[in-house]
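K.L.:
Predicted model, plus sequence, below.
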Amino acid sequence: MKARVYVTLKKGVLDPQGRAVMGALNSMNFSEVEDVRIGKFMELELKGESRADEEARVRRMCEKLLANTVIENYRIEME
Amino acid sequence: MKFGIIVFPGSNCDHDCYHVVKHVFNQEAEYVWHKETSLKGLDCLILPGGFSYGDYLRTGAIACCSPVMSEVVSFAGKGGLVLGICNGFQILTEAGLLPGVLMRNRDLKFICKDTFVRVDNDSTVFTGRYGKAEAIKVPIAHADGNYFADKEAIDALEGSGRVVFRYSTAAGEVTPEANPNGSVNNIAGIINEKGNVLGMMPHPERAAEQALGSIDGRGLFESIIEGFAGQ
């Protein structure tokens, strides 16, 4: 079983990396870019059997380690 | 007084802290490897600067899962003194011992330079030797020192005098220009509610001997040691 975890910065949290990338895109004449937010993508291979149980466990992993919920949101996709 | 300096894989200011505590202030000091599960006999823990676990995932995030950290949390819970410097501060926030988070610097650069910080609370066990609003010269060396917390957390810190150090000019003025990394309200160091856990981005251990250009960091160690002796 595979879990995909997307970690993104919460709205309102300044993303200096995203801003720098936006500046670079704008300077390359991609002037339509109005904002860039950079996040993290993680793929987890899981050996569990119950999809629901594993999803609940991945949620705990996100809360405890994979995301810092002070500044980040996370989204989980199970496959 | 006995200091324990916690060593994580990737800590690199552990020797500096040990040297200052042991040879500058003549206190007992020992290294505590992150796999340790006993902190017996220690009076003050220092989580030193560095790049624990290569800053993978987020600074300080993986160090929090080290076996010693649950002991550090319970040591702090019992009122033991804990000082987190730079990466140590990042670890303390990740461990939930201090609020907020240290994000990537506003200008994305690693900054290594002398800064001035104003002592905004001189009545903590870590700052008793400083004067109120005294500006001290202490270097920073970090890429992720941009302190952020939500409004509620910032209000709680500000409302209870828990912002201990703030980036300032040499004269102690807190200005946007004196803010090297984009920290909210120029925050450079904070303390927990109980007053026994301090996190700071500047390195007082690098400002404890004249040969290194400043002795303004000495007051922090002197405050801790004198406070302990007076107990």
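P.N.:
It's in. Note that the coordinates shown come from a computational prediction; the quantities given were computed from them, not determined experimentally.
K.L.:
When you work out contacts or count neighbours from here on, use the C-alpha atoms and nothing else.
P.N.:
OK.
K.L.:
Spell out which residues of chain B are next to chain A.
P.N.:
When proximity is defined by Cα under 8 Å from any Cα of the partner chain, chain B lies next to chain A at B:57, B:61-62, B:94, B:100-101, B:104-108, B:149-150.
K.L.:
Now restrict those to buried residues only.
P.N.:
Neighbour counting by 16 or more other Cα atoms under 10 Å in any protein chain shown classes B:61-62, B:94, B:100-101, B:104-106, B:108, B:149 among the residues of chain B next to chain A as buried.
K.L.:
the helices in chain A, which residues?
P.N.:
Along chain A, counting by DSSP state H, helices occupy A:16-27, A:51-61.
K.L.:
any chance of the ones you listed in TSV, with distance to chain B, mean pLDDT and mean neighbour count too?
P.N.:
Output for these, formatted as TSV (distance: least, Cα to the nearest Cα, whole Å; pLDDT from 0 to 100; neighbours: other Cα atoms under 10 Å in any protein chain shown):
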stretch	distance to chain B	mean pLDDT	mean neighbour count
helix A:16-27	6	93	16
helix A:51-61	12	96	15
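K.L.:
Which pair of the buried ones among the residues of chain B next to chain A spans the longest distance?
P.N.:
Longest distance between any two of these is 23.3 Å, between B:Ile62 and B:Arg106; criterion Cα to Cα.
K.L.:
What backbone torsions are found at whichever residue of chain B sits closest to chain A?
P.N.:
Nearest to chain A in chain B, going by Cα to the nearest Cα, is B:Arg106, at a distance of 5.9 Å. Dihedral angles of B:Arg106 (phi, psi; degrees, to the nearest 10) stand at phi -50, psi -40.
K.L.:
Please enumerate the strands of chain A.
P.N.:
Assigned by DSSP state E, the strands in chain A fall at A:2-9, A:40-45, A:72-78.
K.L.:
Compile those strands into CSV and extend it with columns for distance to chain B and mean neighbour count.
P.N.:
As requested, the strands of chain A are exported to CSV (distance: least, Cα to the nearest Cα, whole Å; neighbours: other Cα atoms under 10 Å in any protein chain shown):
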stretch, distance to chain B, mean neighbour count
strand A:2-9, 11, 19
strand A:40-45, 9, 12
strand A:72-78, 11, 16
